[in-house]
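Peer 1: The following comprises the amino acid sequence and a computationally predicted model.
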Amino acid sequence: MLATRKRLSAISAALLLPLALAACGQDSGPTAPAPSTVKVEQKQAAPATPKPEEKPDLDDPQVTGLPRADYDGSGPSGIYKGIPPAPPDPADFPGMNENTDAGAIQTLKYWDTAYNYAAATGNISYAQKYSAKECESCKSALDNVVTKHKKGDYAKTLISDYTDQGKADLPEGETYYLRADYRDYLDISKEFPAGKKIDKFPYLLAAYMAYREDGWVITEIGYKEGRSEDIQK
């Protein structure tokens, strides 16, 4: 299952952003009356009470680079170091809303690309849009992404090359599948803050899908490393 993609597990080091304090100038006060006519009594200002040392809010992404405790995956988590990948564009998957087998496969490619985008950025909204409400395996996979990003886990430069696609008629129903290869990518973690390189490897993605008024949605999805013919097993 997608939720068990061990290679997506990583823990990034928190980033502490320095806080800068700016000093403000003070305007001169009014000119005092001449001492020959008025006696001026000067008072010393009470010494300022020293402020306690401020500590960074460990839930503030602007301070630590980690998302807040209530992070829900509706947007980027902010922990990606560098320029994050762009979200998937439906225009790059022509025909994905057509009620055809080709449209279903294009939608499955989009979902997988959106999942990879989520693994990098934490933003699961693009994959959610094409996940049916009843798709528990979709929800499990995307919830897992959010949980990982709350802890600072993410994958960098995670991209797939699709090499095979089709539809299998199984006893349980029609199953669409993709065979793909991950390009080399990095797991970012406290142990490997510069990233641990994961070599290119193939995987198989299979899904039950349904066509509804807004287009295709995934009703169940599964993942494993292997060849496309493994879907028959």
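Peer 2: On my side now, so go ahead. Numbers count the residues shown, from 1 in each chain.
Peer 1: now the strands for the chain?
Peer 2: 154-156, 160-170, 173-182, 185-188, 196-198, 201-212, 215-224 (DSSP state E).
Peer 1: Please identify the deepest-packed of the ones you listed.
Peer 2: The highest mean neighbour count among the strands of the chain, using mean count of other Cβ atoms under 10 Å, belongs to strand 154-156: a mean of 24. In short, each C-beta sits where N, CA and C put it, glycine included.
Peer 1: which other residues reach that strand?
Peer 2: 7-8, 10, 12, 77, 79-82, 116, 119-122, 148, 185-188, 195 (Cβ atoms under 8 Å, 6 or more residues apart in numbering).
Peer 1: Can you list the strands that it pairs with?
Peer 2: strand 185-188 (antiparallel) (DSSP bridges).
Peer 1: For stretch 94-114, which residues meet the burial criterion?
Peer 2: 96, 103-114 (16 or more other Cβ atoms under 10 Å).
Peer 1: Distance of the closest residue to Y162 other than its chain neighbours relative to T100?
Peer 2: Nearest residue to Y162, sequence neighbours excluded (Cβ to Cβ, 6 or more residues apart in numbering): A180, at 4.8 Å. For A180, the distance to T100 (Cβ to Cβ, to the nearest Å) stands at 21 Å.
Peer 1: Equivalent analysis for D199, please.
Peer 2: Relative to T100, and taking Cβ to Cβ, D199 is found at 36 Å.
Peer 1: Test my guess that M96 contacts D214.
Peer 2: No - using Cβ atoms under 8 Å, M96 is not in contact with D214; the gap is 11.2 Å.
Peer 1: mind listing the helices for the chain?
Peer 2: 61-64, 101-121, 125-128, 136-151 (DSSP state H).
Peer 1: Quick one: closest of these to T175.
Peer 2: Proximity to T175 (Cβ to Cβ) singles out helix 101-121 among the helices of the chain, at 10.3 Å.
Peer 1: Compute the inter-axis angle for that closest one and strand 201-212.
Peer 2: 120 degrees (axes from the mean of the first three to the mean of the last three Cα atoms, to 10 degrees).
Peer 1: Helix 101-121 to strand 160-170, inter-axis angle?
Peer 2: Using the same axes, to 10 degrees: helix 101-121 against strand 160-170 is 130 degrees.
Peer 1: I'd like the mean pLDDT over helix 101-121, please.
Peer 2: Averaged across helix 101-121, the pLDDT comes to 95.
Peer 1: Counting by contacts, list what that helix packs against.
Peer 2: helix 125-128, helix 136-151, strand 154-156, strand 160-170, strand 173-182, strand 201-212, strand 215-224 (3 or more Cβ pairs under 8 Å, 6 or more residues apart in numbering; DSSP states H and E).
Peer 1: want to throw the ones you listed into a markdown table with mean pLDDT and distance to P87?
Peer 2: Below are the helices and strands packed on helix 101-121 laid out as a markdown table (pLDDT from 0 to 100; distance: least, Cβ to Cβ, whole Å):
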| stretch | mean pLDDT | distance to P87 |
| --- | --- | --- |
| helix 125-128 | 97 | 5 |
| helix 136-151 | 92 | 14 |
| strand 154-156 | 86 | 15 |
| strand 160-170 | 88 | 15 |
| strand 173-182 | 88 | 19 |
| strand 201-212 | 92 | 19 |
| strand 215-224 | 93 | 17 |
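Peer 1: Kind regards, and thank you for your time.
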